[in-house]
Structures are given as C-alpha cells and as structure tokens.
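Asks: this one's structure only:
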C-alpha cells in the first residue's frame, strides 16, 4: 500500500528555483508531522524541513533556512517544498516522511524519493 509519493525532482541551474511535492495516502495522510529529508551517495541523511500540524512555526535545517519553504495542502493531502536560490550542494535525493505522533522518535512512512540536481 503506497503511502507517500514524491514528484517534481528535476535538473536546474544554480540560483534557480524548484518545487517538489509529496502526495500522502492512507494513514500517512493524517500524520501530525510531515518532513523532507535529503541524501547524497556517501553522506548521511539530512533533515531539510518539517511541517507540524497545528504548530506555530515549521522547522528548517541550517543549510536551507531562508531559501526553502515547506507547506502542506490538507485538502489535497500534499506536502510541498519550495526551493529557491538553489546551490550545487543542494543536489540530492529528496524524500518525504511522515509520522503520526509529534513525539515519536522515528518516522512511520517514507516515500521513494525524487532526484534534484543543481548545476553551476
């Protein structure tokens, strides 16, 4: 049963912008926390941004704060990541994740990922 499906990954030039999407289905659609992670070969997974339902503010990694914006359209069960002022170091596989409870240590659902490549 597919729960999270990402799309929108693309090859772009540095300084450009891109928006990736993640459609949630089933139990994942009612998750309290949805987030974006990224990973490149040979490097660990990095948290990019998190959207907390009912929260006042969202969370961002230091490397993307001020450039990326996370948002969620509950009517469409879709999570977005708007990426502006892209840099080559933003190139990675971007994955969507969701967890039912804010206090949970691990995420319950993961998508397959969508590739973003930024060229200089």
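Replies: Perfect, thanks for sending it. Since the model is a prediction, treat every value here as computed from it, not as a measurement.

Asks: Can you read off the pLDDT for the residue located most distally from the centre of the chain?
Replies: Residue farthest from the centre of the chain, counting by Cα atoms, centre = their mean, is residue 120 at 22.5 Å. Residue 120 is assigned a pLDDT of 93 by the prediction.

Asks: now residue 30
Replies: For residue 30, the predicted pLDDT is 88.

Asks: Could you count how many residues lie near it?
Replies: Neighbours of residue 30 under the rule other Cβ atoms under 10 Å: 12. For the C-beta atoms, the positions are set from N, CA and C on the backbone; glycine is no exception.

Asks: Distance check, it against residue 109.
Replies: 11 Å (Cβ to Cβ, to the nearest Å).

Asks: hang on, isn't the residue farthest from the centre of the chain packed against residue 14?
Replies: Yes - the pair residue 120 / residue 14 is scored as a contact, 5.0 Å apart, by Cβ atoms under 8 Å.
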